[in-house]
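> No sequence on hand, only this structure:
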Ligand SMILES: Nc1ncnc2c1ncn2[C@@H]1O[C@H](COP(=O)(O)O)[C@@H](O)[C@H]1O
Ligand SMILES: Nc1ncnc2c1ncn2[C@@H]1O[C@H](COP(=O)(O)O)[C@@H](O)[C@H]1O
Ligand SMILES: Nc1ncnc2c1ncn2[C@@H]1O[C@H](COP(=O)(O)O)[C@@H](O)[C@H]1O
Ligand SMILES: Nc1ncnc2c1ncn2[C@@H]1O[C@H](COP(=O)(O)O)[C@@H](O)[C@H]1O
Ligand SMILES: [Mg+2]
Ligand SMILES: [Mg+2]
Ligand SMILES: [Mg+2]
Ligand SMILES: [Mg+2]
Ligand SMILES: [Mg+2]
Ligand SMILES: [Mg+2]
Ligand SMILES: [Mg+2]
Ligand SMILES: [Mg+2]
């Protein structure tokens, strides 16, 4: 761990061979390799190298959220007495929401997804209030105009982390409108970069660890 | 009128004397002068010139929304059988909301303000639903992250015009976050420029006139 | 319907399988599935899934404007006593203009296209004035410098919705010049995002519905 | 409170009279009025109105961080068993750091300032490590290139909230470089908008409250 | 002259004393001093210095377009057999239009202003066609959405130089929408920077000189 | 011709079939078809359609500058007594320079290319001064930092049109630095959009036509 | 010194009292206080505080380049065997050029100014080549389109540091065009931020110190 | 050489054949051809052409940093008594770091790489201090938030050139955050454009040459 955050390999800007080498080093050193933002070709290279060097490792690959986790049989994932809710408005928020869930889980938090509660159907958002209130910290994904985290933070009194999603076309598309909306939110959110599920997940995980400490 | 929109003098970028001259011409030609975005100094100049040239005119000046309207006793404002609701989240939306109200009224619509219903206190937003549904068309002002028009458009089935307001500081401040959020809205708004109360008011006025035509 | 707007699946950012599943749900629930911004591969997947699950549905696919509509035999499209004109300057405005037309039609409006009337040949624009005046509301597509909606709004007294098109290269390309020009228009347009034919069409449709109500 | 966040009046975009009225309402309703981003003229107006309406209130005004807090004798500030560290690189971070401190304190957290530890003198940054580790959550202010929060988050394992400060001139000035640097940070920060001390302070306060809950 | 363009002192970013010194040098060397973008205080300093050093010079100062020209009795302005038309949409285009006129005149061209022909009143634009066609080259000023140069270039077959004006507020304000619209124009304009009347005037002047050469 | 500019089909944003149809119409109506910005696939489609419909036409296709011109045997290209110089700094300016040359030639001007005279080797730039002075108007292409047009305009006294080229990577890449540099030039250039060889060529062609008129 | 760079107080974003306190500490600790970007009011406060606390210090204040340096009689400025040339195009480059000169001198370099050699008068630029070649390192200031550093770096073979200046209006104004042009330069410059004379001066000073080391 | 910088062919925006021709000319004229930013296809074309025209040349191709160097047996690379350190934070900085190393070496400097010392593991950064201090000038690559050059420049007293790397996604991605952070750095860096290893390498090489001159 690096100041509490599990070491993870960011595949962007690296060759498949480089990613695979870093994954091998990670599993050998810590018993776990986490790779994010990897495409199918890189995933294949990584799996092949892991097959050779850590044949008894368990490998999970999420080809929607583009992460891969490998653990040795000996590896023990931490387990925290704290829960993180991850909220999405619709299907297109799946990629970063899945990345956030992965990291928070690997840090040991209990993670639950609350999906399809976008404000375009406000009744559905409001119906979910109790599920929002069930968690110690919320990550709320926000594509397009990004109104959901603002609305939810007004309904709960736990910390809400806004996670802008690179959806939308035209002006403010690719998540820029969502990001700037979250930064301007009148309900006091903290924010991570567009599609930065990893960052949202680790922040939630760090808060969960503090709570676990306090509780135990 | 110019294709249905009352002629109005935009004071920005003109000297007080130029604005006054245009106002005098307007009242002489049409019986009414509308000046928008004028500061106190310009308002004074305009009033003085109107005192000289149209001493029996009625002059109204809104020093919060920065408009001035002068009408001769003979002038007859149109009256339309259609109503426009103008919604704001809070006090700082007052400037463009007041400008929008002015123009819609001068075009003859019945105009009502629905204030202080921002989504940070969602219960208050929801309590106002019936007031939103009372109108033929809504203008919803939106500063900061601009979530309100998206939420309202999901609750009503009349056309909603999003009016971004130049509030907020930092990234996406001065109304840019609100504008891009409205353009990205998942509830199908039409939009005008930041602080463009004039444009929002005229669009609502044009729709009101179509409805008045259809009704009478 | 969602506050008067027909539910539509936005294919961007979803896998073909996810889009197909949402389309199936839509047709099963409402008798109609509308999918926008779908590419050829997604269209194929959707058609195959619909063939299996709703074999008697009628499927229309526009591979220029990238939409697909499927309806069951039982589905009855609404029919409104109101007409929407959709104006383009040239061939490259076809994509969003076609999307706007689709939605306005699916909402029940009478829709007519008025094509190839760009201001570079102003005589042709002016010759079309009577066709512009034939409708209750106009959507005017605007690529490159986006002058056409401004010119038309100065000629008619019905509401004009400016629809910027992602044409043009270099500075202000991809529709950004058109969008900012429409927002600055001196003839009081309302505006939607670049290529947001869906939004323009629904706004026009909502106005059409208000007029239909008033007329009947 | 509004979902756990103390109600505060944002003075930007309001007239002094409006701000004063909102402050009076706040103190009458909740026993406390918090006003942020108010200039000297507004502060004077607010104090005068409070003198009239709540003559026994205690008023504190910070003319560097531009906030004012008034409390009635009966008001009891909450007190939480959790501590927030607020870190700055230098004198020019004082404005938002002071605003963040105010809000976290008003929410009941124990707040400590750790000043003048910018990375240009890295030895001083490193010498302060133990003071960083003394707190449950850190807010780290970041002007210019904004390297400090990244460096600190690499040294501690509590949640770090990056607070960009509107210093710096030229390209990336006014806090834009700091904001984008924090969003890109390789040490997994959560972030608030430029100068948004209020938001940083409330996020830290909400985490503090969760910890207090867990501890007591 | 510097490659055919009269030397002019740009007052921006210089102290009044520096501007005055450069003006004195110019009149002493060439018999003429042209100063652009000078405010009232600078104009006063320049006039005083010219009074002392060139007491018999003729000084003209335009406090709307912010230029000052001084010439000695001996100075002979060139005279070209070529004419430049300068077109504006409205009063707020006056500042750069006046600067453009000044320079073209000082280069010797015959200059005529064609004012108040903006496209919002298209009939007035079209009525002016013959006046547009009267000149060898046109400079067309363009504030807000900047549609006028595009429309005019479609009506005439002489070169049109688009001159964006820093009017308009909100997104694309301060002339940015006009500039990008002119760069995207479908009627093949050449363009100068926002408010760069000086540049537009010199380009027109250089074309006028070529024509004068060809004609005489 | 459209106000003096040869009609040209811009292939961007059109399907190959649409481009071909417009080309066929153009050659049938005017004896010439000019298509710009067409890729190889579109060029093939256009040639095939022209083979069928105008089998005796002469077709030229420039696959570097991406244009195609077809003329019937009967077509007579105009011929003007005026010359246009087109200057480039290096090989990567070839694309828009070739497009500019095409249009100026099709308008009838004498066109000469002056290549490889970038300011990085200033001696070579200066050696070319006489070749710059040989023409009535210059188009100067400008990639990367775009210094060449500024330097040349300081050396000649004919009108210079700056043509920014979409080269360069990183900040200000894709021609944005060149464009803004040309707009800021201290030697009074007129400018066209990035890669807008078409616009630069037509502007030069219009000036050439004016000179031809004056000379004959 | 801080890693070789003299400690300097940046006045931006600090109160006059804070600046004065930092200046007093600096002179007491190191025998010298350097303050940059201070306005007249701040300069007055600083001088008054220095008068009280270091009455025998020598104080120099440059109210054009906005810096102030105070040294005790005991202070010995270093002296390096290396020379820095600072080049400007015109009067408006004076502010950052003067700041750069100050710092390089305070670091001990021999500094010479080479003024008024902008490329608009290329002959003058070329005439100065020998003066450019006289120095070990050059700082070249660049306002407007910023062509001068590119041209000079092509003429000399010593390191050139480009210093963009916040001149110019409209698009790319305030030094943005110059900055992006320098970053794109085809003659391999290193660059500092807009108006960052301090940074340019220290970089030149550090190179001078390396050369002094090598020479002595 | 061109003012001390080895001539290099920038492959971007040129066809493979054009690049090959320029490489052939370079090796024939100077004994060496350097090509940067070339893809695999271009590299193949270049190698084939060199095989034909310079069969005895030595060709090195780096397919990670995308450069190719060919030298004739007779070519003698200069050799300088000065050393350049090139520092990276991680694997994804390899591309521009390798380009910088190439050019500095081809200019004759001794070049050493110091890799994997990013500030997220500050202990590793600090452990490398002696290796940083071993060189006459440092190039420090900086992706994501770009904190490394700022930290290092605070630790050493030689000139540091910041080289931003186009890593990172979302807001400030593609190197923009790193670039603006370096321009804002509080430790006085000079900077080159994003990914401009060529520029960084030549600046370091020019400083190295000055030092070699001073030393020998
Ligand atoms: N082409 C489109 N452009 C913008 N919004 C759309 C488009 N198509 C559908 N929508 C909206 O987006 C919603 C669907 O979003 P989703 O839940 O992501 O499928 C629909 O209900 C519409 O409000
Ligand atoms: N209003 C203006 N806008 C743009 N350029 C100008 C203007 N006035 C003068 N110039 C140009 O700027 C040069 C003067 O620059 P300077 O040496 O800073 O006084 C003149 O020779 C013109 O080329
Ligand atoms: N390469 C080009 N760049 C800019 N404008 C062009 C180009 N080629 C043609 N045009 C202009 O665009 C018009 C054609 O637009 P369209 O109707 O979309 O084919 C022509 O009449 C020209 O005015
Ligand atoms: N990778 C690179 N990045 C920036 N500039 C480069 C690069 N490679 C070469 N150059 C510069 O660009 C010039 C070559 O430009 P060109 O004539 O387009 O090949 C060279 O002389 C270098 O000054
Ligand atoms: Mg809350
Ligand atoms: Mg609705
Ligand atoms: Mg109209
Ligand atoms: Mg940490
Ligand atoms: Mg024309
Ligand atoms: Mg010239
Ligand atoms: Mg050089
Ligand atoms: Mg240092």
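It's in. This one's a predicted model, so the numbers in the text were calculated from it and none came from an experiment. Ligands and ions are numbered 1, 2, ... in the order given.

> rest of the way, CA atoms for contacts and neighbours
Noted.

> list the contacts for residue A:167?
A:92, A:143-144, A:173-175, C:12-13 (Cα atoms under 8 Å, 6 or more residues apart in numbering or on different chains).

> try 10 Å this time
With Cα atoms under 10 Å, 6 or more residues apart in numbering or on different chains as the criterion, the residues that contact residue A:167 are A:92-93, A:142-146, A:173-178, A:194-195, B:184, C:12-13.

> Next: residue A:197.
A:36, A:65, A:95-104, A:139, A:141, A:162-165, A:203.

> Check residue A:19 too.
Applying Cα under 10 Å, 6+ apart, the residues near residue A:19 are A:9-13, A:25, A:35, A:38, A:42-43, A:45-46, H:91.

> other SSEs contacting the helix or strand encompassing residue A:48?
Assigned by DSSP states H and E, residue A:48 belongs to helix A:40-53. Under the contact definition 3 or more Cα pairs under 10 Å, 6 or more residues apart in numbering or on different chains; DSSP states H and E, helix A:40-53 sits against helix A:16-30, strand A:32-36, strand A:58-62, strand A:67-71.

> Just give me the neighbour total for the nearest residue to residue A:67 once chain neighbours are set aside.
The shortest distance from residue A:67 to any non-neighbouring residue, by Cα to Cα, 6 or more residues apart in numbering or on different chains, is to residue A:36 (4.4 Å). Counted with other Cα atoms under 10 Å in any protein chain shown, the neighbours of residue A:36 add up to 23.

> Show me what residue A:36 bridges to in the sheet.
residue A:10, residue A:67 (DSSP bridges).

> and the gap between the residue lying farthest from the centre of chain A and residue A:30?
In terms of distance from the mean C-alpha position of chain A, residue A:52 ranks first, at 28.9 Å (Cα atoms, centre = their mean). As judged by Cα to Cα, to the nearest Å, residue A:52 and residue A:30 stand 18 Å apart.

> Return the member of the contacts of residue A:19 nearest to chain D.
Nearest to chain D among those, counting by Cα to the nearest Cα, is residue A:10 at 10.2 Å.

> Near the closest one, how many other residues are there?
If we define neighbours as other Cα under 10 Å, then residue A:10 has 18 of them.

> Equivalent analysis for residue A:7, please.
Residue A:7: 15 surrounding residues under other Cα under 10 Å.

> Which helix or strand contains it?
Per DSSP H and E, there is no helix or strand for residue A:7.

> Okay, and the most centrally placed residue in chain A sits in which element?
Nearest to the mean C-alpha position of chain A, counting by Cα atoms, centre = their mean, stands residue A:100 at 0.6 Å. Residue A:100 belongs to helix A:94-106 when assigned by DSSP H and E.

> Same check on residue A:152?
Residue A:152 is part of helix A:148-153, with elements assigned from DSSP H and E.

> So for the next helix or strand after that helix, mean pLDDT?
Using DSSP H and E, the helix or strand that follows helix A:148-153 towards the C-terminus is strand A:160-164. Mean pLDDT, computed over strand A:160-164, is 98.

> Over to stretch A:13-23?
The average pLDDT within stretch A:13-23 is 97.

> Next, the buried residues of it.
For stretch A:13-23, a neighbour-count test (16 or more other Cα atoms under 10 Å in any protein chain shown) marks A:13-14, A:16, A:18-20, A:22-23 as buried.

> JSON lines please, covering those residues and showing distance to residue E:189.
Listed next are the buried residues of stretch A:13-23 as JSON lines, based on distance: Cα to Cα, whole Å:
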{"residue": "A:13", "distance to residue E:189": "42"}
{"residue": "A:14", "distance to residue E:189": "45"}
{"residue": "A:16", "distance to residue E:189": "49"}
{"residue": "A:18", "distance to residue E:189": "51"}
{"residue": "A:19", "distance to residue E:189": "51"}
{"residue": "A:20", "distance to residue E:189": "54"}
{"residue": "A:22", "distance to residue E:189": "55"}
{"residue": "A:23", "distance to residue E:189": "56"}
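
> Check whether stretch A:178-190 comes into contact with chain B.
Yes. With Cα under 10 Å from any Cα of the partner chain as the criterion, chain B is reached by stretch A:178-190 at A:178-188.

> Domain boundaries for chain A, per the record?
With domains defined by automatic domain parsing, chain A comprises A:9-71, A:83-215.

> so the residue nearest to the centre of chain A makes contact with residue A:163?
Yes. Taking Cα atoms under 10 Å as the definition, residue A:100 is a contact partner of residue A:163 at 9.2 Å.

> what sits in contact with each of the two?
Residues touching both residue A:100 and residue A:163 (Cα under 10 Å, 6+ apart) are A:86, A:139, A:141, A:195-201.

> Nearest to ligand 8 among these?
residue A:199 (11.1 Å; Cα to the ion).

> which residues touch stretch A:70-77?
Residues from elsewhere that reach stretch A:70-77 (Cα under 10 Å, 6+ apart): A:23-24, A:26-28, A:30-35, A:46-47, A:50, A:54-61, A:105-108.

> Type out the PyMOL command that picks the buried ones from these.
Typed into PyMOL, the line below selects the buried ones among the contacts of stretch A:70-77, using 16+ other Cα under 10 Å:
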select buried, chain A and resi 23+24+26+27+31+32+33+34+35+46+47+50+54+57+59+61+105+106+107+108
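
> what angle separates the helix ranked longest in chain A from strand D:160-164?
Assignment by DSSP state H gives helix A:197-215 as the longest helix of chain A. Using axes from the mean of the first three to the mean of the last three Cα atoms, to 10 degrees, one finds that helix A:197-215 and strand D:160-164 are set 130 degrees apart in direction.

> What residues of helix A:197-215 count as buried?
A:197-212, A:214.

> now the closest residue to residue A:6 other than its chain neighbours: how far from ligand 11?
Computed as Cα to Cα, 6+ apart, the closest residue to residue A:6 that is not its neighbour in sequence is residue A:107, at 6.9 Å. Using Cα to the ion, to the nearest Å, residue A:107 is found at 53 Å from ligand 11.

> Residue A:204 is in contact with residue A:107, correct?
Yes. Counting by Cα under 10 Å, residue A:204 is a contact partner of residue A:107 at 9.4 Å.

> For these two, list the residues in contact with both.
Shared contacts of residue A:107 and residue A:204, counting by Cα under 10 Å, 6+ apart, come down to residue A:101.

> which residues sit in contact with residue A:198?
Listed by Cα under 10 Å, 6+ apart, the contact set of residue A:198 reads A:8, A:10, A:36-37, A:96-104, A:163, A:192, A:204, D:188.

> I'm done for today, thanks for sticking with me.
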